[in-house]
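Student: For reference, the sequence and a predicted model appear below.
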Amino acid sequence: MGKPILEIKNLEKVYNETTHALQGMNVSFHEGEFVVIIGPSGAGKSTFIRCINRMIDPSQGEIVFDGIHMEKMRGKSLRKQRSMIGMIFQHYNLIGRTNVIKNVLHGRLGHMSLMNSLCGRFSKEDIQEAATLLKQVGLDEQMYKRADELSGGQMQRVGICRAIIQHPKLLLADEPIASLDPHSANKVMDTLYKMTCERGLTCIVNLHQVDFAKKYATRIIGIKAGRIVYDGTPNDLTDEMIQNIYQGKEEQIVLKQSHQSVFLKEGMANG
Ligand SMILES: Nc1ncnc2c1ncn2[C@@H]1O[C@H](COP(=O)(O)OP(=O)(O)OP(=O)(O)O)[C@@H](O)[C@H]1O
């Protein structure tokens, strides 16, 4: 196993003082792992992945990425640390009116001077690398088309190139195939897996589809009601465990909330 790249300690997220989306998560990720997170809708998968790069601020806990505490960072130093983390989104987040190669080059913005990034002045090396990446994912003919002329699967492969050109140490993918048909989904997962493996990158992917998780993951984490209930190899994940992950979600969240509401009422009574 590679050395740890990300360590999460007691991570909690409470929305609106009532919804305990993450209830104290402890987990480490190592270099070169391809980890798939599964769990029912509302289990906390997106919240977890978005706390890692601080798109969402955690309520409590530690996020140590590459030896640095992400949860304490602000402003410029947060942006710098974030530039080492690539992100792939369910809805691609491309700029539709801009051409494909420019969308890929946007992945370099975090590494450029303010002036160059404002003027969109990309180096020859960056342009060359963007073109090579697009070729590798089979999109060389689409390079100068507007991004909104592409299919969903093609857009997601552009999203992968944009994340890879960042030269990240960690790649996060939040439901990257949820909007795709099975054929495109396979192609996107093949691309993601190949590109991360070739570079020895650590990749954490949220997926709804257990079959895809089993096909690609080196490790699967099951989340239920904001807690890790499975952490192991795809082979060890039995049908019974899958059933356990996908059942009884509402019960646990409501239970925690009702505890808190009792606590709040008691607090009010005392006050
Ligand atoms: N911005 C928000 N404000 C309030 N509650 C939120 C917010 N985002 C998420 N939640 C709640 O937090 C819990 C976890 O949501 P999250 O989106 O992380 O789950 P998920 O496993 O990614 O679900 P899905 O697979 O449906 O995307 C849910 O109960 C959800 O309703």
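Tutor: In hand now; what should we look at?

Student: Please make it C-alpha for all contacts and neighbour counts, starting now.
Tutor: Fine.

Student: Now do the strands in the stretch 151-271 of the chain.
Tutor: 170-174, 202-206, 219-224, 227-232 (DSSP state E, counting those that start in this stretch).

Student: So which elements touch the second one?
Tutor: Think strand 202-206. Packing partners of strand 202-206 (3 or more C-alpha pairs under 8 Å, 6 or more residues apart in numbering; DSSP states H and E): strand 34-38, helix 45-52, strand 170-174.

Student: ok, residues contacting the next helix or strand after the second one?
Tutor: Next helix or strand after helix 45-52 toward the C-terminus (DSSP states H and E): strand 60-65. Contacting residues not belonging to strand 60-65 are listed as 5-13, 24, 52, 69-71 [C-alpha atoms under 8 Å, 6 or more residues apart in numbering].

Student: Can you name the next helix or strand after strand 60-65?
Tutor: Immediately after strand 60-65, counting by DSSP H and E, sits strand 68-69.

Student: Compute the inter-axis angle for the helix or strand just after that following strand and strand 170-174.
Tutor: Going down the chain from strand 68-69, the next helix or strand is helix 75-82, by DSSP H and E. With axes from the mean of the first three to the mean of the last three C-alpha atoms, to 10 degrees applied, the angle from helix 75-82 to strand 170-174 works out at 90 degrees.

Student: how far does stretch 22-40 stretch from start to finish?
Tutor: The straight-line separation of the ends of stretch 22-40 (C-alpha to C-alpha, to the nearest Å) is 14 Å.

Student: what about that stretch, average pLDDT?
Tutor: Looking at stretch 22-40 alone, the average pLDDT works out to 97.

Student: List the buried residues in that stretch.
Tutor: 22-26, 29-40 (16 or more other C-alpha atoms under 10 Å).

Student: With stretch 218-238 instead?
Tutor: Buried residues in stretch 218-238, defined by neighbour count with 16+ other C-alpha under 10 Å: 218-228, 230-231, 234, 237.

Student: ok, of those residues, which one's closest to Y144?
Tutor: For these, the residue nearest Y144 by C-alpha to C-alpha is T218; the value is 35.8 Å.

Student: any chance of the helices and strands packed on strand 202-206 in CSV, plus distance to R79?
Tutor: Putting the helices and strands packed on strand 202-206 into CSV (distance: least, C-alpha to C-alpha, whole Å) gives the following:
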stretch, distance to R79
strand 34-38, 24
helix 45-52, 13
strand 170-174, 15
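
Student: Out of those, which is closest to the ligand?
Tutor: Taking C-alpha to the nearest ligand atom, helix 45-52 is the member of the helices and strands packed on strand 202-206 nearest to the ligand, at 3.6 Å.

Student: if I pick M25, what's in contact with it?
Tutor: Contacts for M25 (C-alpha under 8 Å, 6+ apart) come out as I8, K9, N10, L11, E12, G226, R227, I228.

Student: Tell me where the model's unsure across the stretch 151-271 of the chain.
Tutor: Along the stretch 151-271 of the chain, the model assigns pLDDT under 70 to residues 248-271.

Student: Which single residue of it approaches the ligand most closely?
Tutor: The minimum distance from the stretch 151-271 of the chain to the ligand, using C-alpha to the nearest ligand atom, falls at H208 (6.6 Å).
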